[in-house]
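Trainee: Fold the stuff below for me.
(2 chains)
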Amino acid sequence: MVIDSQKMKSLAEATSREDVAGRSLWADARRRFFSNKAAMFGLVLLVFVTLFALFGNYIAQWSNEEIDFSVMGMVAEQGGPSIANGHYFGTDDLGRDLFARTVQGTQISLAVGIIGSAIAVVVGTIYGATAGYFGGRLDNFMMRAVDILLAIPYMFVLILLLVMYGRSITMLFVGVGLISWLEMSRIVRGQTLTLKGREYIEAARAIGVPAPVIIRRHILPNLIGVVTVFATLLVPNMILTESFISFLGLGVQEPMTSLGALISEGSGTISYGTLWQLAFPLLFFVLTLFGFFFVGDGLRDALDPKDR
Amino acid sequence: MIVYILKRLAIAIPTLLLLIIFSFLLMHAAPGGPFTQERELPAQVLANLNAKYGLDQPLWKQIASYIWGIVAHFDFGPSFVYKDRTVNEIIAQGFPVTLTYGGVSFVVAVVAGVTLGAVAAVKHNTIIDYFAVGVSIGAQVLPNFVMAPILVIVFTLILGWLPGGGWRFSDPSYWIMPVIALSTSYMASIARIMRSSMLEVLNSNHIRTARAKGLPGHRVIWRHALKPALLPVISYLGPAFVAMITGSVIVDIYFSTGGIGKAFVDSALNRDYAVMMGVTILVGALTILFNLVVDIIYGWIDPKIRY
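Mentor: Numbers count the residues shown, from 1 in each chain, chains lettered A, B, ... in the order given. Here you go, the predicted model:
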């Protein structure tokens, strides 16, 4: 998945344009967003997946750790999806309820995606806004550092980290967070550079407002549009990264699981005819990605109507 | 131009050095050494082992000799787990395989993606456009680790057309599934980028002028629209290359192709730090080199960039 940098640039221009009298940028954007069918579809998907992750456990008949001994050893014949024995999505290879495990996997994947993206928002915004606002040699140095970090094949470094310092969910969050902010800081810096030249910033500086206050009060609020869109599009990327690592068996540890780990398990057992073990985790994985993808695209189109 | 290339190299070399030093420090700081085993080794044996691999030297000396080994002799040192093999041998075994299917996948992704995106933009808002958009959105949510099992189900288990794994240089039927699994989602990304940039170019003034002076449609597209529309695609090639190398890990595991991705994961599970670092540095060097090439091509195509 890719975030189109050209579109982000044009979005940045659109959101930094000064308001024309009449409807505000945000009211306009809201109207456009809610009349965009793909975005609404994405929103419905996201609501569904979130409800599933939050409340799925109340419907589940089994916990995600319990082994159903009546199907153990005969998973291919008896472990299929059935309402009668309470395994709505069937069982996994060991006889654990796949519904409960999918609920748990969706929770972890969503959490990794959202936390990774949140780290990007905080670190990337502060870093980018600082570099952009102060400019000069500091900006040059900070952005060169980002260039260097971006050139490193981060997945290999992340795996290196996970292997050397033990696999844990905290390490995974740290690792995912470490890489996610780089691209964000570049976009925020570009936007800050544009904003810096505005008269109201000049006026604020003229009356002696200190730099941190200018950044907080006048720059950050104008960055919200770009940051929101980018953060939304970043979530599926983070989910993909986590799933990739879990697929390799380096991610979350049993009995916890994530969608990537479930897909890995499911794809390992397809030759025994237990197709549901792949199908259900995959379905939720695809729904989640589609949801974020459509909502992110919809937000961007709503804030930057140039492309429509 | 030469000054520009030199300038880029001046950034690339420190980057690579930083990567080496960073991964070396990571390895050094990790709990447990390469000779940590369940059964404690006698102190004298451990001291001898450390002396043999140079681990008793001060840290800066170790780093310096490691870097010197790579720079002067292209030598990544011995493997810590396989006593009779060097990192060079392990990499040399897997690298040609990765390079072959990786290269083919890259070409497929670029050619198919650009074609799909360009056609979709030219036939904007027709059934062809919708089809292309549908394909590229669908393919984006199917990353390589999802594509791989699906391909095996369809082509090996159901249809029985292709071998489910393994690698032979002489038999391209072994190449097909790794290439499809690796290239699909990047092809989709390239198609999306190409479509949106092509649409923008087709609506721009110079195309209107070209049409107004009566150039036939295909000449407008080939001569005037394609080149500027390719720029965003070119700047995506660097990240796509990195992602494909990363994806080769999945391909190696899933299709047992035996490339460097396999060596990397094996060494990760064995805690064979020397091999892990060797692969990481090699991949980093490749990435930096590739980005350099992309930058040069970009500067060559984009008339706005002057050195």
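Trainee: The stretch 51-200 of chain A against chain B: which residues are in contact?
Mentor: In this structure, the stretch 51-200 of chain A approaches chain B at residues A:144, A:147-148, A:151-153, A:155-157, A:159-161, A:163-166, judged by C-beta under 8 Å from any C-beta of the partner chain. Placement of C-beta: from N, CA and C, glycine included.
Trainee: which of these has the most neighbours?
Mentor: The member of these surrounded by the most neighbours (other C-beta atoms under 10 Å in any protein chain shown) is residue A:156, with 27 neighbours in all.
Trainee: Tell me if I'm right that it and residue B:283 touch.
Mentor: Yes - applying C-beta atoms under 8 Å as the test, residue A:156 and residue B:283 come out as touching, 5.8 Å apart.
Trainee: Count the residues that sit near residue 120.
Mentor: Just going to use chain A. Under the neighbour criterion other C-beta under 10 Å, residue A:120 is assigned a count of 26.
Trainee: wrong one, chain B
Mentor: Residue crowding around residue B:120 was assessed by other C-beta under 10 Å; the count is 26.
Trainee: secondary structure element for it?
Mentor: Counting by DSSP states H and E, the element that carries residue B:120 is helix B:87-122.
Trainee: helices or strands next to that helix in the packing?
Mentor: With contacts defined as 3 or more C-beta pairs under 8 Å, 6 or more residues apart in numbering or on different chains; DSSP states H and E, helix B:87-122 has these neighbours: helix B:127-140, helix B:176-202, helix B:226-255, helix B:260-270, helix B:273-301.
Trainee: Now do that helix and helix B:226-255, the angle between them.
Mentor: Orientation note: helix B:87-122 sits at an angle of 130 degrees relative to helix B:226-255 (axes from the mean of the first three to the mean of the last three C-alpha atoms, to 10 degrees).
Trainee: Hey, what's the angle from helix B:87-122 to helix B:176-202? Just curious.
Mentor: For helix B:87-122 against helix B:176-202, the angle by the same axes, to 10 degrees is 40 degrees.
Trainee: What are the buried residues along the helix or strand where residue A:129 lies?
Mentor: Following DSSP H and E, one finds residue A:129 within helix A:125-134. Of the residues in helix A:125-134, those scored as buried under the neighbour-count criterion (16 or more other C-beta atoms under 10 Å in any protein chain shown) are A:125, A:127, A:128, A:129, A:130, A:131, A:132, A:133.
Trainee: shouldn't the fifth one be in contact with residue A:141?
Mentor: No - counting by C-beta under 8 Å, residue A:141 is not a contact partner of residue A:130; they are 11.4 Å apart.
Trainee: Return the member of the residues of the stretch 51-200 of chain A next to chain B nearest to residue A:234.
Mentor: Of all these, residue A:155 has the smallest distance to residue A:234: 15.9 Å, by C-beta to C-beta.
Trainee: Quick one: classify that closest one as helix, strand or coil.
Mentor: Of the three states, residue A:155 takes helix under DSSP: H, G, I helix; E, B strand; the rest coil.
Trainee: How about it, nearest residue that isn't a chain neighbour?
Mentor: What sits nearest to residue A:155 in space, not counting adjacent residues and going by C-beta to C-beta, 6 or more residues apart in numbering or on different chains, is residue B:246, at 4.2 Å.
Trainee: List the contacts of residue B:237.
Mentor: With contacts defined as C-beta atoms under 8 Å, 6 or more residues apart in numbering or on different chains, the neighbours of residue B:237 are B:110, B:290, B:294.
Trainee: do the same with residue A:280
Mentor: Residues counted as contacts of residue A:280 (C-beta under 8 Å, 6+ apart) are A:81, A:89, A:90, A:98, A:99, A:102.
Trainee: Columns pLDDT and secondary structure on top of these, output as CSV?
Mentor: Formatted as CSV, those follow (pLDDT from 0 to 100; DSSP: H, G, I helix; E, B strand; the rest coil):
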residue, pLDDT, secondary structure
A:81, 73, coil
A:89, 80, coil
A:90, 75, coil
A:98, 81, helix
A:99, 85, helix
A:102, 88, helix
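Trainee: Now the buried members of those residues.
Mentor: Among the contacts of residue A:280, the ones that count as buried by 16+ other C-beta under 10 Å are A:89, A:90, A:98, A:99, A:102.
Trainee: Tell me which two in the residues you listed are the farthest apart.
Mentor: By the measure C-beta to C-beta, A:90 and A:102 form the most distant pair in the buried ones among the contacts of residue A:280, at 10.2 Å.
Trainee: so where's chain B uncertain?
Mentor: B:30-39, B:303-307 (pLDDT under 70).
Trainee: any idea which residue sits dead centre in it?
Mentor: Most central in chain B under C-alpha atoms, centre = their mean is residue B:245, positioned 2.8 Å from the mean C-alpha point.
Trainee: Find the residue closest to that residue in space, skipping its chain neighbours.
Mentor: Ranked by C-beta to C-beta, 6+ apart and with sequence neighbours excluded, the top spatial neighbour of residue B:245 is residue B:283, at 5.5 Å.
Trainee: Please apply the same query to residue A:116.
Mentor: residue A:238 (3.5 Å).
Trainee: how close does that neighbour get to chain B?
Mentor: Separation of residue A:238 from chain B (C-beta to the nearest C-beta, to the nearest Å): 13 Å.
Trainee: how many other residues sit next to residue B:296?
Mentor: Residue B:296 has 14 neighbouring residues, counting by other C-beta under 10 Å.
Trainee: My read is that it contacts residue B:5, right?
Mentor: Yes - under the criterion of C-beta under 8 Å, residue B:296 is in contact with residue B:5, at a separation of 6.4 Å.
Trainee: so what's the one residue in the stretch 101-250 of chain B that gets nearest to chain A up against?
Mentor: When distances are taken as C-beta to the nearest C-beta, the stretch 101-250 of chain B approaches chain A most closely through residue B:149, which lies 3.3 Å from it. Contacts were defined as C-beta under 8 Å, 6+ apart; by that measure residue B:149 touches A:263, A:266, A:267, A:270, A:278, B:254.
Trainee: Go again with 6 Å.
Mentor: Under the criterion of C-beta atoms under 6 Å, 6 or more residues apart in numbering or on different chains, the contact list for residue B:149 reads residue A:267.
Trainee: just the angle between whichever helix or strand it is part of and helix B:176-202, please?
Mentor: Residue B:149 is located in helix B:144-151, with elements delineated by DSSP H and E. Helix B:144-151 and helix B:176-202 are oriented at 120 degrees to each other (the same axes, to 10 degrees).
Trainee: how distant is helix B:144-151 from the center of its chain?
Mentor: Centroid separation for helix B:144-151 versus its chain: 18 Å, with C-alpha atoms, centre = their mean, to the nearest Å.
Trainee: Just want the angle from that helix to helix B:127-140.
Mentor: 110 degrees.
Trainee: Just the CA atoms of helix B:144-151, as CSV, please.
Mentor: C-alpha atoms of helix B:144-151 as CSV (Å, rounded to 0.1, in the frame of the first residue of the first chain):
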residue,chain,number,x,y,z
ASN,B,144,2.5,-10.9,-0.6
PHE,B,145,1.8,-13.0,2.5
VAL,B,146,-1.8,-13.2,1.6
MET,B,147,-1.2,-13.7,-2.2
ALA,B,148,1.2,-16.6,-1.6
PRO,B,149,-1.3,-19.0,0.1
ILE,B,150,-4.1,-18.0,-2.3
LEU,B,151,-1.9,-18.8,-5.3
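Trainee: Can you measure across stretch B:199-211, start residue to end residue?
Mentor: One end of stretch B:199-211 to the other measures 15 Å (C-alpha to C-alpha, to the nearest Å).
Trainee: tell me which residues in it are buried?
Mentor: Taking 16+ other C-beta under 10 Å as the basis for neighbour counts, the residues of stretch B:199-211 that come out buried are B:199, B:200, B:201, B:202, B:207, B:210.
Trainee: Name the nearest residue to the residue of the stretch 201-308 of chain A found nearest chain B, sequence neighbours excluded.
Mentor: Per C-beta to the nearest C-beta, residue A:267 is where the stretch 201-308 of chain A lies closest to chain B, at 3.3 Å. Nearest non-adjacent residue to residue A:267, counting by C-beta to C-beta, 6+ apart: residue B:149, 3.3 Å away.
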